[in-house]
Structures are given as C-alpha cells and as structure tokens.
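1. fold the stuff below for me.
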Amino acid sequence: MKVVIIGGVAGGASAAARLRRLDEGAEIVMLERTGYVSYANCGLPYYVGGVIAERSALALQTPESFRRRFNIDVRVNSEVTAINREAKTVTVCEVETGRIYEESYDRLILSPGAQPVVPAGVSLGSPRVFTLRTVEDALALRAFVEERAPRRALVVGGGFIGIEAAENLVEMGVETTLVQRPAQLLKPLDPDMAAFVHAEMRSHGVRLVLGGSLEEVTEEPQGLAVRLRDGEVLKADLLVLAIGVAPEVSLAAEAGLALGSRGGIATDEAMRTSDPDVFAAGDAVEVTHGVTGGKALVALAGPANKQGRIVADVISGRESRYGASWGSSVIKVFDLTVASTGLNETAARAQGIDCDTVILSPGSHAGYYPGARPLTMKVVFERGTLRLLGAQIVGAEGVDKRIDVLACAMQLGADGVRLKDLDLAYAPPYSSAKDPVNMAGFMIENVATGLLKQASYDEIPALRAAGATLLDVRTPAEWERGHIDGFVHIPVDELRDRLGELPAGASVYVTCQSGLRSYVACRMLAQHGFDAYNFRGGYGFYRVVAADGEPVRSAHPCGAER
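-> The predicted structure is shown next:
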C-alpha cells in the first residue's frame, strides 16, 4: 500500500509517524511545500522574540530524521498543484527547480493547513510586511528586527498570533500598536474577560486600536503608512498581518471533494472525505463542535495531531473515530495566562441557549502560603439542566490546570454542580482545600437551589433609576481606595447590627472585592427578610471592566496621524 501525504506539521506528520508504527510495509511519501516538514508553529512568535533562541529548536523532525527512524520519504519544497482522483495521482512541483512530476497513491491524506488572511489593499511583496505562519515567516521577521532595528511596529489582528507577535516585539524593544477590527481581543473570551487582557497589554506599552479596520498600506521611503477605515494613518517600520486564517481547501475543491458549511473540507468521523480513498486532517477540516453539535473550524494543534493519528488508524484497518472539538486553548499574555474552553456567554446566547454564569476570583493556592495570585474565572452553564457550556480563566498562575479540569469535566458530561465533588490534589503551594474548580461548583449549586441570586454590574444604571438599594460590604480601607457611586457602605462584619439602616424588606444588591463576602452578606440579608442579590465578580472585576472603556486612540510613540 502506498500512502501520499500532502502537508506536514501537525496533522500530516502525526499521520505519517503513526502509520509507520502500525504498518512497517507501507510506502509513505510526505510532500511539504515549505522547507520544514514538522515544526512548532505555535512557537514561531517566541522565536521572533528570542525566547526560543535557536532556529533548530523549531524543527521537531527533519526529512533525514523521518527517513532514519520511520523510513518515510519526506520531500520538502514540494508543492502539490493538482489531485487526479480517477488516476490516483497528484501533480508535484519542486519549488526550487520548477520540475513537475506525477506521484501515484493508493490512499491520500490531505493536511494542507490554513493560510493567513491578507486583506485587499495589502501587498506581501514589501520587505516590511510579514505574516507569521511558517518557519520561513519567523526567520524573516526576526532577521528584520535584528538587522534593521525597527522602532515602530504595527500588528493587525488580536487573536493568538497577533497577541503573541505584539508581546514578543515589545520584548525586543519595538514600540508596538495592535489594531483589531472587533472591539475586543481574543474572540474566545467574553468582553468582560477580555478587559483583563486589554489592561495587561496596555500596561506593557502596547497601544490598542480596538474597532479599527485596516484599509490601505503605502510604502514610503522611511517606512509604512497604514490607513485605517476611519481615516487615521499609523506610521510603522514593519507590519505583521495576523488577522486570522482560512482553511486551505483549493486542492480539495478543484479535485471535486465536498466542502462543508463552514468552508472547510468535509469528512466523516473517520476523517474520510467524500472520496473513500482520500482522508483529511488539521486546520483545513471541518469538525463537530462539542457543545453545539454544529460544524466548526478549529485551527489548533491538539485536534490536528489527534486527527492525523485517527487517519493512520483507519487506513491501517483499525477502528478509530474523531468525536468533536471543544476549542480548549491557552495563551501567555506578558505576565498573564489566559485560557478558555467551550462556548463563552456571548456565543452561547447567539446559539439561543438559555445560559447563566458564575464569576469568581479565588487565589491560585492557599492564601496563607506565600505568593498566592488571584484568578478570575467565568464558568458558563445552561439554566435548568446545569450543563457546562464553557469556561474562561485569567491569572498569573494555576490557570492552565484549572481550565484543563473544567474541559475534562465538560467533555465527560458532568454538569456544573458536579464540579464541587471533584477530588482534586491539594497542598498549600499548589491549591486550596476547596480548589477554585470546586468553588465554581459550589456557586452553581447555590444558584440552582436559589441560595444565590445574582446581578451584573451593567444593571447598575437601571437599578439606580428604580431606587434599589446598592450595598458595599468591604472594609473601610477598601472603600477609601475606590468604590462605585451610589452604593451604601456597611462592612460585612457590622451588617448584622446595622440592618436597620436598610429599608425593611427592600431589594438589596451587594458587592465586595471578590464576591465572597457579599455572598455571606446576601445570605444574612435573605434570612432577615431582604431580597438580596450578589454582584457577579466583585468590585475587583468591576474595576477592570469599567476601566476598559478608556479611549483607544490615546497618544502613543507609534506616531498616529489624523
């Protein structure tokens, strides 16, 4: 059996290695159009910033190592330009020589990945304009920064690559502006959680132009002039396009293979395309979303590696299926870790799901052990069923392990209340006896049973207009450091003795720093005849979200011109 694989990196390289482990006799040919067959594309921004110092560290495997260990014929700089399904051949062009030849196959695996989105009005021909998708892209960008010492950089796109590129350019001493067409960074987050990312970026000197859209790029003698749709012109020495990626489906479409509703290659659970001898894996493939059951494009390395393995299993005659993707992800943003899984609240409501959320700010480990840092967690669940829909976490440490626990619980069908029962490891340097994940479960149970009624800070104007009682139960020192206008201040430890200062039987909306003391106050109030509501997230959460409304066109050394 001869298997030809188009594309390496995650899906193709995983399929090739797994196939060899299962079938020593198969003839395996892997064709990769770039000069690198198996590389850490998630590490490319960190090579630009010098965190990954050596270019050799980016190459997980080379053509030579694939041949030595797996007896696989790997051909880099070899671009497949056509698929002839009837003849079972592919047309290959050697990039360096221009030689064109036909390669036959018994089974074909497509792993072409995705291509960067390049807007109209932008030419990649300029030596100052970069994308960041391949090793060659990273090498070129790092060389430019090291050799040309640019002062100002402009990054367009606020997803994973855009944020990582901006961070690493800043770390290289380049003044950086990031332009993002939506009003927030990181689409997997809700706007309130994205506010923490915005604050972190700004605190490290990144100018954010949120709601800005690139219109035209002009090369000038001293650099680039980038005009936004609203007419603002930004001057920069280099431009990084990180607007997003689109599935690379041209080969599949031209070969007559079926595409899905989202524009990716359509496959069944065995990763087989509409042609039973052609399989597909990776960023170009449509998958089932684990929460909605609908189709989705998930351009992440984890799903691509799993899909490649499944393709190899099926070709070798083994039973293997790819179920769904939940989009679990994590990213470093300067000193923060930001992670998400499943649907955020915005996406859940757009899907017509009746959802609720809990927001909590526990410590990363036991408070009495030195060095605990706050986490901000938002867990989304379906009303009634309490089905977990998704979660988002921002913090300095302990974020990744909590998001992984939540992702596992969600994928294994646990509802929100089950989180309280999870038996999780505890020692003071690592967690608390009540882990933050357990705390989320306690809160969801309290909401479900009616012990906790919640309010959101965006309701404050309407509550003020309705004459509701707004109560802050923090300490006097906390109140002096900052508070919300219109709130009454009674510390929680004095509340029981000062209930007479509140209108009898009134609806009372309570806040504290993190939401814990205000919950204690709500339980006290409820049992004394008040209709009590706890503000989600606490004052610390409110302060970050409220501050995110600052002007996005503030003065910056990147040289904005009107």
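
2. just the pLDDT for the most centrally placed residue in the chain.
-> In the chain, the centroid-proximal residue (C-alpha atoms, centre = their mean) is S329; its distance is 4.9 Å. With respect to pLDDT, S329 scores 96.

3. residues in contact with it?
-> Neighbouring residues of S329 by C-beta atoms under 8 Å, 6 or more residues apart in numbering: F160, P188, L300, A339, S340, T341. In this view, the C-beta of every residue, glycine as well, is placed from N, C-alpha and C.

4. of those residues, which belong to strands?
-> Per DSSP state E, strands hold the following members of the contacts of S329: A339, S340, T341.

5. what about the second one, how many residues nearby?
-> This points to S340. 27 (other C-beta atoms under 10 Å).

6. what pLDDT does it get?
-> Model confidence at S340 (pLDDT) stands at 98.

7. for it, give its distance to R142.
-> To R142, S340 is 29 Å away according to C-beta to C-beta, to the nearest Å.

8. related to what we said a few turns ago, between the contacts of S329, which sits nearest P436?
-> A339 (12.5 Å; C-beta to C-beta).

9. what's the burial count for that closest one?
-> 24.

10. in stretch 140-156, which residues are buried?
-> A140, L141, R142, F144, V145, P150, R151, R152, A153, L154, V155, V156 (16 or more other C-beta atoms under 10 Å).

11. got a list of contacts for stretch 505-520?
-> 359-362, 374, 446, 452, 455, 459, 463, 468-474, 478, 484, 487, 492, 502, 521-522, 525, 529-542.

12. quick check: end-to-end length of that stretch?
-> 18 Å (C-alpha to C-alpha, to the nearest Å).

13. now stretch 43-53
-> Note: stretch 43-53 ends 11 Å apart using C-alpha to C-alpha.

14. who touches it?
-> 55, 57-58, 132-135, 137-139, 141-142, 145, 161, 164-165, 167-169, 171-172.

15. how distant is it from the center of its chain?
-> With C-alpha atoms, centre = their mean, to the nearest Å as the basis, stretch 43-53 stands 19 Å off its chain's centre.

16. now do stretch 532-542
-> Distance, centroid of stretch 532-542 to centroid of chain: 25 Å (C-alpha atoms, centre = their mean).

17. begin at 42, not 1, for the rest of this chat.
-> I'll keep to 42 as the first residue from here, and by that count the last item is stretch 573-583.

18. now stretch 132-144: mean pLDDT?
-> On average, stretch 132-144 scores 97.

19. pull out the buried residues from it.
-> V133, C134, E144.

20. try stretch 341-355
-> By 16+ other C-beta under 10 Å, the buried positions in stretch 341-355 come out as 341-342, 344-355.

21. now stretch 248-255
-> R248, L249, V250, L251, G252, G253, L255.

22. from the residues you listed, which land in strands?
-> R248, L249, V250, L251, L255.

23. could you point out which of the residues you listed is nearest to E120?
-> The shortest approach to E120 among these belongs to L255, at 28.6 Å (C-beta to C-beta).

24. need the pLDDT of the closest one.
-> 93.

25. that one contacts T218, doesn't it?
-> No: here L255 does not reach T218: they are 11.6 Å apart, not a contact under C-beta atoms under 8 Å.
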